[in-house]
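Chemist: for reference, the sequence and a predicted model appear below.
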Amino acid sequence: MRRLSIAWIFFLTGCVGIPDNVKPVDDFRLEKYLGKWYEIARLDHSFERGLTRVTAEYSLREDGGIRVLNRGYSEKDKEWKEAEGKAYFVQRTDQGYLKVSFFGPFFGSYIVFELDHENYRYALVSGPEKSYFWILARSPEIEKNLRDTLIAKAAARGFDTSKLIFVEH
């Protein structure tokens, strides 16, 4: 029974791990990160497959956490899809390392590892594994030079940027 408990704890905490060569940003300011972000590019996952006009909106929760509202349009179903979750800091509130949950007690990593610290115009975000990756921006489009620079930074950390899906807005 003890081994099972240890394995279960390891499994739950393993979902909020940090992939190799990914380091959460320091000097993270939640108040500047809150608000609406547009998904510029992502690696494919079933929960977002086929969605366009994808956004993420972050706001404060009464319990001190962060409300996460993800939205995207399904052209196939001709309707908007929404998922509401909650996020909390894993270690420090000035570090871009959070855990997020969209169902029950199960959390996954949300790691901001690249950020426009001055204006909070763009962010690179990873999940617990390198198969989870997003480029977010405050506007639906970003300049090609900036996009190429962010993609190169992700590739240098080991993300397979050849499989990026660029989101239509």
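Modeler: Structure received. Quantities reported herein were computed from a predicted structural model and do not represent experimental measurements.
Chemist: which regions of the protein lie under the pLDDT threshold?
Modeler: Within the chain, the stretches with pLDDT under 70 are 1-14.
Chemist: hey, where'd the strands end up in it?
Modeler: Ranges of strands within the chain are 35-42, 51-60, 66-74, 79-89, 97-103, 106-115, 122-126, 133-137, 165-166, based on DSSP state E.
Chemist: neighbours of His45, just the number please.
Modeler: If you count neighbours by other C-beta atoms under 10 Å, His45 ends up with 12. Yep, even glycine has a C-beta here, placed from its N, CA and C like the rest.
Chemist: circling back to that earlier point, now mean neighbour count too, for the strands of the chain, in JSON lines please.
Modeler: Formatted as JSON lines, these follow (neighbours: other C-beta atoms under 10 Å):
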{"stretch": "strand 35-42", "mean neighbour count": "20"}
{"stretch": "strand 51-60", "mean neighbour count": "17"}
{"stretch": "strand 66-74", "mean neighbour count": "18"}
{"stretch": "strand 79-89", "mean neighbour count": "14"}
{"stretch": "strand 97-103", "mean neighbour count": "18"}
{"stretch": "strand 106-115", "mean neighbour count": "21"}
{"stretch": "strand 122-126", "mean neighbour count": "23"}
{"stretch": "strand 133-137", "mean neighbour count": "24"}
{"stretch": "strand 165-166", "mean neighbour count": "14"}
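Chemist: now do the contacts for Lys32.
Modeler: Applying C-beta atoms under 8 Å, 6 or more residues apart in numbering to Lys32 gives the contacts Tyr120.
Chemist: and it, how far from Asp116?
Modeler: In this structure, Lys32 and Asp116 are 10 Å apart, going by C-beta to C-beta, to the nearest Å.
Chemist: what's the answer for Gln91, then?
Modeler: 22 Å.
Chemist: quick one: the strands of the chain as TSV, columns for distance to Val16 too.
Modeler: Formatted as TSV, those follow (distance: least, C-beta to C-beta, whole Å):
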stretch	distance to Val16
strand 35-42	20
strand 51-60	18
strand 66-74	15
strand 79-89	10
strand 97-103	5
strand 106-115	5
strand 122-126	12
strand 133-137	16
strand 165-166	25
